[in-house]
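J.: What follows is a predicted protein model with its sequence.
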Amino acid sequence: MLNSRRLILAHFWLAFAVFGVALVLGAWQMFIRSPLHTWISDPEWYYRSLTAHGTVMGYVFPTLIAMGFGYAISESSLKQPLIGRRWAWAGFGLILVGAVTAMVPVSLGRASVLYTFYPPLIGSAFYYIGVVLVVVGSWIWVALMSINLRIWKGNNPDTPVPLAMFANVAGAYLWAWTAVGAALELLFQILPVALGLKSTIDAGLARVFFSWTLHAIVYFWLMPTYIAYYTIVPRAIGGKLYSDTMGRIAFVLFLVVAMPIGIHHAFADPQVGAGFKFIHSAFTAMVALPTLLTVFTICASVEIAGRLRGGRGPLGWIAALPWNNPIMLATAFSFVLLGFGGAGGLINMSYQLDTTIHNTQWITGHFHLIFGGAIVIMYFAIAYDLWPHLTGRTFDSFRLMRLQLWLWFVGMIITTFPWHYVGILGMPRRMAYFDYTDPALASEAMSVTMSALGGFILLISGALFILILIRGQRSPAMEAEEYRFSMAVHPPASVPVALNSYGLWLALMIGLTVTNYGFPIAQLALRQGTSVPAVYIGAQ
Amino acid sequence: MSEHPTDHAATAIRAEKNWATIAVLIIAFLAGMAAFAGIHQATMPQARVETADPTTLHLSGEFVESNLGSALEPDGSVTVRAIGQQYSFTPQCILIPTDTTINIRATSADVIHGLLIQGTTVNTMLVPGYISVQSARFRKPGEYLMPCQEYCSFGHEGMWGKVKVIDKSEFMAMASKQERLSCVK
Amino acid sequence: MPTERLFSTANRWFRLSVGITAALVILTALGGFILLPYAQSDLKVAGLWDAICSAAGIPKLTSSASSVQPTFKTSDVIMTSAMLANPSSESIGRGATLAQQCAICHGPTGVSRADSPNLAGQYPAVIFKQLKDFKSGARTNAVMSPFAPHLTDQDMVDLAVYYHYLPRLPAYHPTQKIPAPRIVINGAPMRGIAPCGSCHGGLDNKTGSPWLEGQSAAYMKAQLRAFADGARRNDISQQMRNIARAMTAEEIEEAANYYASQPPDEYSAAR
């Protein structure tokens, strides 16, 4: 049951439109700072572009995907028309208005502070207000998801919540709580300074608030991807989900451990005590658990599909998989990229290894591999899977889709692997140009050039993706069958209340936030004399 | 699959549990390795939080310009004091002896900067209001680049310092003549 | 579905999840607050409470180790972005009166006929800081040094906001506009030189840095050379000496000539 198709399509279209724009900026940045181009005559343009790219890719694009996909999941898995559709449109409107409000000062060069804000650099207040509006718009979605599930539960007291919806609402709650860190930073620290009400700001506290959001936001980006792994992939390749319970456990684990680990972004910060760095490092290790569980369950589910299709032997089932199916291909690519990205993540989480690569190009390579690679490739898969149901039209070309996915996969590897390498060499991130003629940097030139070429491959793939979606809206109409999610091998007749509700996990999430963040934040907030003068950007 | 559904379900759960145990063991192993390396190798997080007012660094205290650079301590270690500011480090070239415990103490005079010595594990944020402390040891003489690794506004790409590691005896000879050393020409 | 109670010790999920979480918190806290501080060789722990406090991030007072004091006078001005932000018209008026004694060198309209700096439309923080430094002796100049001792802090504020209030006029000797040399727009990263424009306008302004368009080339060259050879040392924490020392004679020439050739109008129009 997909009643709110216009709403969902609007979210996806806006998401992919801003994605396309940000992708062009990203490719331009790769090119401009590579040896293929001479030094840009105004380095501020680079930082301007970088701010726009990061803001769109980090805050606007994945949020819209999670929202659009969330509405689709709510309607189709609960088989219940979306309650509060007008509110949903209002949320969409807020995101649109927020994105425009933020991007106007950015494009005028009045807010080139990068998407991480990092005070005491302060840009135009409209930039921050725009970001706040985007977040507020997404909170409407959080509330709607919660309300829709609650009403459904009231009507279906004896049925387990479908896994897709269970995961979707877990993602919504995760986002609601993780966005609080940046929201506090923006509302209580940055905006008063940007509006001229105050002239000093505690930069150390701002970094801790931001770390609250900065890590868990990755798991919010990841949620649609994981939901697709569990509830789309097995069905799309003709198999069944190995375990419904394991899926639930993975999602509630994300809820609990994604949040209280963010200080690993502040390993090299002087304002956080070593004890809290240790605690966050240890908890960061925990967040690998839901991913490892997922890897097992999804591989097992895929094996089921392979064997149902006649695959035999320990590895024969792999050959029997439907490799012509774009969803299969996307999943395989996503897993490979997730594997490499996860391995890099293990290095970042260790204090000792992190000192070698902290804030080098390794870090940018890492999150592009995880987000741009493992996560976004499944956003493509979600769109390919949902599109016929949203448009009521057939997709004609699987070949084009496979080409697009291959290009993205190869492009992502060519972009990010050399990127990691120059990071190990100590190349700092976020610089508009580098002097490759210097003998100490000459060895980086080749790798940066490769990354830039990879960026162009990604650009081609992104353009192809948009083209496929446009063609999908123009192809002949078809009778859209009901959109459904994967069945488990052993569908749960009943589920323990702990895995059918969120109370326990939300309590643990908030409890761990208090233990892991409470003291550092309280201490920094109450400490006198560490506020420093704001440095306004672009203010002459 | 339909013959003994309960058996299959039990098998599935057993396999899951085995895998979950393996996953927990992998994680415990990794965390244990990190903790072991942390305790038995030199790189440790900064032990104490220290504060400094960025607007008055030049008036008094350890970050006045005549006190910046490398200082030989009575215990034989060397303390390096440095400032990051838009858009340079002071001193611009840091002089370091080989085979000596180096304690770097640095802070920012304005916005957030980073201090990274390429090819080493020296890598710390400079947050205005706080002093960053990190220790290091260099074995071979040579020159290293020291870029700022965090965006600090429009001149960030020009913020590169240098580190020069010289032989310990040479450094000690210089230290006997001058209290604060650097390789700024 | 059976109505089992979730928040109850009878519920296995509740017991396990809360138990494991609490155990992890306690275990990692023991590791982070007790084991780690004692394992840190560079931390001299004065007992358990000190170990816990240091690991929790309670700040310590900065070390009282004696620091080497400068042998010369350094600037003692505290620069912030908020300084002199909202001048009163009274202050500007007083500044106008005081400025009469400055006009002989800096021109009645704040634009110099000699090679003194043009002050019309200059940032107030810049003028204020230089006056303070002349008074304290951090900066010396045969002409300026005798004037400064008679100025009070309020006089300096008044002068600074008055000159800031004056419109930016073209210099008296504008040469033909020169295209921006590389040192101005790109700097020289490997020598630690950021683009001149990232502090002195064009790209951005750093508090305390003057905008330079239309200033006398001879004056700017002299100042750059003075920064480079250490004759001028009133820049806080060497921020300008670091740059000037690394510049070549040719770059100094190019940068000074470029800024001298730029009209201030275009500069303000660009913003």
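T.: Sure, I can see it.

J.: which regions of the chain sit below the pLDDT cut-off?
T.: I went with chain A, as the question did not name one. Along chain A, the parts satisfying pLDDT under 70 run over A:539-540.

J.: sorry, should have said chain C
T.: Looking at chain C by pLDDT under 70, you get C:1-3, C:61-64, C:171-175, C:265-271.

J.: Okay, helices next: where are they in chain C?
T.: Taking DSSP state H to define them, one finds helices in chain C at C:12-30, C:36-39, C:48-56, C:89-98, C:103-106, C:124-136, C:144-147, C:153-165, C:182-185, C:197-200, C:217-229, C:241-246, C:249-261, C:264-270.

J.: Please identify the most buried of the ones you listed.
T.: Counting by mean count of other Cβ atoms under 10 Å in any protein chain shown, helix C:197-200 has the highest mean neighbour count of the helices of chain C, with a mean of 24. Where C-beta positions appear, they are placed from N, C-alpha and C, glycine not excepted.

J.: is that one anywhere near chain A?
T.: Yes: Helix C:197-200 is in contact with chain A by Cβ under 8 Å from any Cβ of the partner chain, via residue C:198.

J.: is the longest helix belonging to chain A anywhere near chain B?
T.: Longest helix in chain A, counting residues (DSSP H): helix A:439-474. Yes: Helix A:439-474 comes into contact with chain B (Cβ under 8 Å from any Cβ), by way of A:440, A:441.

J.: ok so, going back, among the helices of chain C, which comes closest to chain B?
T.: helix C:197-200 (3.2 Å; Cβ to the nearest Cβ).

J.: close to chain B, is the closest one?
T.: Yes: counting by Cβ under 8 Å from any Cβ, chain B has neighbours in helix C:197-200: C:197, C:198, C:199.

J.: got the contact list for that helix?
T.: The contact list for helix C:197-200, computed with Cβ atoms under 8 Å, 6 or more residues apart in numbering or on different chains, reads A:43, B:86-87, B:153-155, B:158, C:180, C:184-185, C:187, C:203-206, C:209-212, C:259.

J.: so how far is it off the chain centroid?
T.: Relative to its parent chain, helix C:197-200 has a centroid offset of 11 Å by Cα atoms, centre = their mean, to the nearest Å.

J.: cool, and stretch A:318-332?
T.: With Cα atoms, centre = their mean as the basis, stretch A:318-332 stands 23 Å off its chain's centre.

J.: Go through it and flag the buried ones.
T.: Using 16 or more other Cβ atoms under 10 Å in any protein chain shown as the test for burial, stretch A:318-332 gives A:320, A:321, A:322, A:325, A:326, A:327, A:328, A:329, A:330, A:331, A:332.

J.: can you check stretch A:185-197 too?
T.: For stretch A:185-197, using 16+ other Cβ under 10 Å, the buried residues are A:185, A:186, A:189, A:190, A:191, A:193, A:194.

J.: which of the residues you listed lies closest to residue B:21?
T.: residue A:185 (39.9 Å; Cβ to Cβ).

J.: Setting aside sequence neighbours, what's the nearest residue to the closest one?
T.: Distances taken as Cβ to Cβ, 6 or more residues apart in numbering or on different chains put residue A:209 closest to residue A:185, at 3.8 Å, once the chain neighbours are dropped.

J.: Tally up the residues packed near that neighbour, please.
T.: Number of residues near residue A:209 (other Cβ atoms under 10 Å in any protein chain shown) recorded here: 27.

J.: Save the buried residues of stretch A:185-197 as TSV, and put in distance to residue A:5 too.
T.: Formatted as TSV, the buried residues of stretch A:185-197 follow (distance: Cβ to Cβ, whole Å):
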residue	distance to residue A:5
A:185	37
A:186	34
A:189	41
A:190	38
A:191	37
A:193	43
A:194	39
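
J.: want to try JSON lines for these, with secondary structure as columns?
T.: Below are those laid out as JSON lines (DSSP: H, G, I helix; E, B strand; the rest coil):
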{"residue": "A:185", "secondary structure": "helix"}
{"residue": "A:186", "secondary structure": "helix"}
{"residue": "A:189", "secondary structure": "helix"}
{"residue": "A:190", "secondary structure": "helix"}
{"residue": "A:191", "secondary structure": "helix"}
{"residue": "A:193", "secondary structure": "helix"}
{"residue": "A:194", "secondary structure": "helix"}
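
J.: Let me know the closest of those to chain C.
T.: residue A:193 (9.9 Å).

J.: The closest one reaches residue A:200, doesn't it?
T.: Yes: assessed by Cβ atoms under 8 Å, residue A:193 is found in contact with residue A:200 at 7.5 Å.

J.: Quick check: neighbours shared by those two?
T.: Listed contacts common to residue A:193 and residue A:200 are residue A:534; contacts here mean Cβ under 8 Å, 6+ apart.

J.: Show me how chain B divides into domains.
T.: What automatic domain parsing lists as the domains of chain B is B:1-41, B:50-175.

J.: Next, work out how far apart the residue nearest the centre of chain C and residue C:31 are.
T.: Nearest residue to the geometric centre of chain C (Cα atoms, centre = their mean): residue C:207, 5.0 Å. Using Cβ to Cβ, to the nearest Å, one obtains 44 Å as the distance from residue C:207 to residue C:31.

J.: do the same with residue B:153
T.: Taken as Cβ to Cβ, the span from residue B:153 to residue C:31 is 39 Å.

J.: tell me which element the residue nearest to residue B:163 when sequence neighbours are not counted falls in.
T.: The shortest distance from residue B:163 to any non-neighbouring residue, by Cβ to Cβ, 6+ apart, is to residue B:144 (4.2 Å). Residue B:144 is part of strand B:142-147, with elements assigned from DSSP states H and E.

J.: Over to residue A:83?
T.: Going by DSSP H and E, residue A:83 is not in any helix or strand.

J.: For it, give its distance to residue A:68.
T.: To residue A:68, residue A:83 is 17 Å away according to Cβ to Cβ.

J.: out of those two, which sits in the more crowded spot?
T.: Ranked by neighbour count (other Cβ under 10 Å), residue A:83 and residue A:68 place residue A:68 first, with 28 against 16.

J.: Would you agree the more buried one is in contact with residue A:5?
T.: No: assessed by Cβ under 8 Å, residue A:68 is found out of contact with residue A:5, at 10.5 Å.

J.: what about the lengthiest helix in chain B, distance to the chain center?
T.: Criterion DSSP H: the longest helix present in chain B is helix B:5-40. Averaged C-alpha coordinates place helix B:5-40 at 33 Å from its chain's average position (Cα atoms, centre = their mean).

J.: Need the three-state assignment for whichever residue of chain B sits closest to chain A.
T.: Closest approach between chain B and chain A, counting by Cβ to the nearest Cβ: residue B:118, at 3.2 Å. The three-state label given to residue B:118 by three-state DSSP is coil.

J.: before we move on, what about residue B:103?
T.: strand.

J.: Give me the pLDDT value at it.
T.: pLDDT for residue B:103: 94.

J.: Okay, and the beta partners of it?
T.: For residue B:103, the beta-bridge partners are residue B:79, residue B:135 (DSSP bridges).

J.: burial measure for it, as a count.
T.: Other residues near residue B:103 come to 16 when the count uses other Cβ under 10 Å.

J.: can you give me the helices in the stretch 301-450 of chain A?
T.: Using DSSP state H, counting those that start in this stretch, the helices of the stretch 301-450 of chain A run over residues A:313-319, A:326-349, A:351-357, A:361-367, A:376-391, A:398-424, A:439-474.

J.: Would you tell me which one of the domains of chain B is buried the most?
T.: Comparing those by mean count of other Cβ under 10 Å gives domain B:50-175 as most buried, with a mean of 22.

J.: Between its first and last residues, what's the separation in it?
T.: End-to-end distance of domain B:50-175 (Cα to Cα, to the nearest Å): 27 Å.

J.: between the residues of helix C:197-200 next to chain B, which is closest to residue C:138?
T.: Closest to residue C:138 out of the residues of helix C:197-200 next to chain B is residue C:199 (19.3 Å), distances taken as Cβ to Cβ.
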